[in-house]
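Enquirer: sequence and predicted structure, then a few things I'm wondering about:
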Amino acid sequence: MRFLPVLVSLATLASAGLTAQVAPAAAPETAKPAAPATQKIRTVKLKMRDGLRFEPPRFEAKPGEALVIEIENGDTTDLTHNFVLLRPGTRETVITSALALAEKGPAQEFIPASSDILVHSQVLAPDGAAKITLTVPGEPGIYPYVCTFPGHGMIMYGALYAGVTLPPLDKDPNIPPTAAQTTVAGAGKRPFAQRIFMPEAGPAAIAVALAGSQNVCWDAGQCRLRYAWQGGFIDASANWAGNGLVLPVVPTKPWWRAPKDDFPLRFGSADAAAPTPKFLGYAATPSGPIFRYRAGETEVFEQVIPAAGRPGIAVRLQIPRAKGPVFYRAANDENSKWSSSVGTWNGGVLTLTPAQAADVTLTLTSALCTP
Amino acid sequence: MNPLALSRPLMSAALIATALLSAAPALVAAEALPAAGARVAEFYSIGKLATPAGVDPQIGGLALMPDGRMVAAFHHGEVAFYDFKKSSWKIFAEGLHEPLGVLPGKDGSLLVMQRPELTRLRDTDGDGVADSYETVFDDFGMTGNYHEFAFGPVRGPDGKLFVALNLASAGDTIRPEIRGEWSPIGLARDRFYAGDWKKYATEAGRMYGRVKWRGCVVELDETTGASSLYATGFRSPDGMFFDSAGNFYVNDNQGDWRGTSPVHIVKRGGFYGHPASLVWRPDWDGSEPLKQPVERLNALRTLPAINIPYAIYGNSPTQMVTIPQTAAWGPFGGQMIVGEMNSGRVLRLLPEQVDGVWQGACVNFVDSPALRGGIHRLVFAGDTLYLGRTHLIWAGGEGIGTVKLTKTPFEALNLHATPKGFRFEFTAPLDVSAADPMRWAGQRYFYKYHEPYGSPQMDLTPVTPSKVTLSGDGHIADVEFAELKPGYIYDFDLAGLASVAGDTVLNPRIAYTLNRVPRVPAK
């Protein structure tokens, strides 16, 4: 991958009259020369990808923040692209003006004369790269970026959120509808299981999107449910765009977290030592993954499913060959309540006979979520 | 293809012109094809195979199934089969964690190495999609550090499987929750959580392996998943390979304790140079490997069979495979090749055993910008070599490239050590001018075994043969030197040679790692 390490400051480009056009009205905010080169400026990497996509499809910045945007055309289908950052709400107008350039387009890099354009790159051939240094406008807003190459702009755009809270990815009207599919693991498919590093879990974690709107983190290293959240599934784009260092984003706050270091199953007596779990894999079924593990010597099947018609999730446990009573530690907390299809509860511990343990569904509901 | 898209050369030319006229800095990397690439096109046809729509086109694993389909594992966790007859992909599995290797199982299943485990994928209901994701082996440590990649599996001649586990990088610390046993040897664990990681990073070791079997090659039983430590001393062993004689090759990436990227022949119990994993050797004395004198570590290690000189031949070697012995691959059939991440290049590896010691040469095989770089996984199917690319955050590429040999180039086909020098074999007869020793000028050097990252070329010395003898048919040249120094890489530039037909060598640089000077001539 070739990269020209040319730092092009907005001021340079503006004076060259070539690639950075700064609207006069916006000059006080946008045309400020970026911070001196010696000062560390945050870098945002932006890649043009196959399928007319910017990756990431959106990013955040502080109003007035100095930024370096490193743009790379990683499109392997031999398409050329540019990057054009616009004033809020002007994407469609600018695309239309760019199209109207017609045969004059190529010579102008498909950049129409418009005060709505804050900054732009040249057209980048595949593997071409550009660096743009800019100061984000001081006025909070959602600044669209787009490729104005004819035919691209209706699909290929994204949004710089300056001082504005990000909506959930799959409900963001400022990014292409397909963007949620390209950054949300499983592309919106439910149920879906994605093994990936997850926050607040061991390194062998599995994120599961349940049918409906619930999601859980299931820890394959510890063979137990770790937390549940309602809403969009994980945004893995930063993790996947890197080397695994950046964790995926869980878009909403978990409404339930398992107690720390407490494997829930006990065999023989309620206060027996926690058995050592050993993960054995899972079956991918139309209703989602069914995890299989050994707890000590006992084989367990576990599936997390939506709580039918109730606000929460359900854990279906199948322990086909329990030798004695089985205990499941599931204490209620301030917002969450456990119940079960069979068995008897005793202060946050469910007691099951071997026959009951062969198929039991525990339901966890919460005041913090909706059915 | 968008009909409005301009062709690439046209666009580049237009942009260069714009840049010149305006005297503004050019924002576009020109797409000029270097002369070398144009020349490669005389001998190899280079193309690409489209990857499945909607799937990130970075390849972690590529293999051929017994039924002739090709299987690929992708960066986001998909596994898909390519049916050559239908020219179509079918997604078989998804949601895996950074799969970096696939291998057909013995029973129709598919083995995939993910970051956290070796998994057996099986389609039990016959709908063509995996429904069983069975954990075969996960009894190794993970700290959650980004650099803990897991490679393999490869199958040995006795059916055993082998996987290799990367070390963690001091580019980051460990995560609060880890999996597996923590070795107490080295920087205290609480320091990893002290907050100011940069302060402690150097004490951890540039690469560290504090959880079970990091930096090791592990042997597995495919059926039971039973595992045992096989060899230590690795850093980032992306390529593992068994040749038809059962020799086990593992390569590694230049870095700390890796003056340049090595190719090792690995044996049970061996130590291959990077000390971090010594803490997992059952006979290790409990001392901190990083604080041992280099002499002690040097005495313990097995030398690389082949050193791939950094930046000259390669930066980051990947999968190794053998070229099929078919007419399509001409004289190269049976030779081993290896991919390279940082440039569009595949190299040939020419190992040989001399008095019980492994050594040999590397030489570029196909070296063209058209290959794009990031050549991570390689598989031959029919007459075509398929190249699966990746990059993550590093130099590399995407998608699947294809290479076919269309005409045999004039190349050094093989290189052997002899008691007095080297025997070169060529793909075509040499012109008599090759008898002039001045046309065989080269240099010798070695790379230092030490903790710092990489190594300069040490004791770099020009060498010129004392005598060159050509065989009667002109295919072989015996090149003798007045002095031969074991422990050095002999790096030749054959650009001054010509064939009888007047061709120059397509890939003139060839480097031989001389661990031992043979007592008797090669056969």
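Expert: Thanks, I have the structure now. Residues are numbered from 1 along each chain as shown, chains lettered A, B, ... in the order given.

Enquirer: mind naming the longest helix for chain A?
Expert: Secondary structure of chain A read by DSSP state H shows that its longest helix is helix A:91-100.

Enquirer: excluding chain neighbours, what is closest to the residue nearest the centre of chain A?
Expert: The centre of chain A sits closest to A:Asp235, judged by CA atoms, centre = their mean, with a distance of 1.2 Å. Among residues not flanking A:Asp235 along the chain, A:Val249 sits closest, at 4.2 Å (CB to CB, 6 or more residues apart in numbering or on different chains). Backbone N, C-alpha and C define where each C-beta goes, glycine included.

Enquirer: which residues pair with the residue nearest to the centre of chain A across the strands?
Expert: A:Val184, A:Val249 (DSSP bridges).

Enquirer: after the longest helix of chain A, which helix or strand is next? Please name it.
Expert: Per DSSP states H and E, helix A:91-100 leads on to strand A:117-120 as the next helix or strand towards the C-terminus.

Enquirer: which residues of the chain score low on pLDDT?
Expert: Answering for chain A, as no chain was given. Counting by pLDDT under 70, the ranges of chain A that qualify are A:1-39, A:50-51, A:76-77, A:178, A:180-182.

Enquirer: chain B is the one I meant
Expert: Applying pLDDT under 70 to chain B picks out residues B:1-36, B:521-523.

Enquirer: walk me through the domains of it.
Expert: B:8-32, B:412-514 (automatic domain parsing).

Enquirer: any figure for the gap between the residue nearest to A:Asp235 and chain B?
Expert: 15 Å (CB to the nearest CB, to the nearest Å).

Enquirer: B:Gly195: neighbour count?
Expert: Neighbourhood size, B:Gly195 [other CB atoms under 10 Å in any protein chain shown]: 8.

Enquirer: distance between the ends of stretch A:332-345?
Expert: One end of stretch A:332-345 sits 11 Å from the other (CA to CA, to the nearest Å).

Enquirer: give the buried residues for it.
Expert: For stretch A:332-345, burial by neighbour count (16 or more other CB atoms under 10 Å in any protein chain shown) applies to A:Ser336, A:Trp338, A:Ser339, A:Ser340, A:Gly343.

Enquirer: contacting residues around that stretch?
Expert: Identification of contacts with stretch A:332-345 by CB atoms under 8 Å, 6 or more residues apart in numbering or on different chains yields A:255-256, A:312, A:328, A:330-331, A:348, A:350-353, A:356, A:360-368.

Enquirer: buried subset of the residues you listed?
Expert: Neighbour counting over the contacts of stretch A:332-345 (16+ other CB under 10 Å) leaves A:255-256, A:312, A:328, A:330, A:350-352, A:356, A:360-366, A:368 as the buried ones.

Enquirer: out of these, which sit inside helices?
Expert: Using DSSP H, the subset of those located in helices is A:Gln356.

Enquirer: same for chain B: which of the buried ones among the contacts of stretch A:332-345 are within range?
Expert: Checked against chain B using CB under 8 Å from any CB of the partner chain, the buried ones among the contacts of stretch A:332-345 give no members in range.

Enquirer: close enough to count as contact, A:Gln108 and A:Ala102?
Expert: No. Using CB atoms under 8 Å, A:Gln108 is not in contact with A:Ala102, being 10.7 Å away.

Enquirer: these two: which has the busier surroundings?
Expert: The neighbour comparison of A:Gln108 against A:Ala102 (other CB under 10 Å) goes to A:Gln108, with 14 against 8.

Enquirer: so which elements touch the longest helix of chain A?
Expert: Counting contacts by 3 or more CB pairs under 8 Å, 6 or more residues apart in numbering or on different chains; DSSP states H and E, helix A:91-100 packs against strand A:141-146.

Enquirer: listing partners with orientation, what would you give for the following helix or strand past the strand it packs on?
Expert: Following strand A:141-146 in sequence order, the next helix or strand is strand A:157-162 (DSSP H and E). Using DSSP bridges, the strands paired with strand A:157-162 are strand A:58-61 (parallel), strand A:141-146 (antiparallel).

Enquirer: CA atoms only: put strand A:157-162 into PDB for me.
Expert: Extracted C-alpha coordinates of strand A:157-162, given in PDB (Å, rounded to 0.1, in the frame of the first residue of the first chain):
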ATOM      1  CA  TYR A 157     -21.200   9.400   2.400                       C
ATOM      2  CA  GLY A 158     -20.700   9.700   6.100                       C
ATOM      3  CA  ALA A 159     -20.900  12.200   8.900                       C
ATOM      4  CA  LEU A 160     -18.500  14.000  11.200                       C
ATOM      5  CA  TYR A 161     -20.300  14.600  14.500                       C
ATOM      6  CA  ALA A 162     -18.900  17.700  16.100                       C
END
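
Enquirer: ok, back up a step: of the strands paired with strand A:157-162, which stretch is the most buried?
Expert: Most buried of the strands paired with strand A:157-162 by mean neighbour count (mean count of other CB atoms under 10 Å in any protein chain shown) is strand A:141-146; its value is a mean of 23.

Enquirer: quick one: distance of that strand to the chain centre.
Expert: From the chain centre to the centre of strand A:141-146 is a distance of 19 Å (CA atoms, centre = their mean, to the nearest Å).

Enquirer: and the angle from that strand to helix A:91-100?
Expert: With axes from the mean of the first three to the mean of the last three CA atoms, to 10 degrees defining the directions, strand A:141-146 sits at 30 degrees from helix A:91-100.

Enquirer: list of residues touching strand A:141-146?
Expert: Here strand A:141-146 has contacts from A:46, A:54, A:83-91, A:94-95, A:118, A:136-137, A:152-153, A:156-164, A:174, using CB under 8 Å, 6+ apart.

Enquirer: which among the residues you listed count as buried?
Expert: Among the contacts of strand A:141-146, those classed as buried by 16+ other CB under 10 Å are A:46, A:54, A:83-88, A:90-91, A:94-95, A:118, A:136-137, A:152-153, A:156-164, A:174.

Enquirer: what residues does the stretch 151-300 of chain B put near chain A?
Expert: Within the stretch 151-300 of chain B, the residues that sit near chain A (CB under 8 Å from any CB) are B:Gly171, B:Asp172, B:Arg175, B:Glu177, B:Ile178, B:Arg179.
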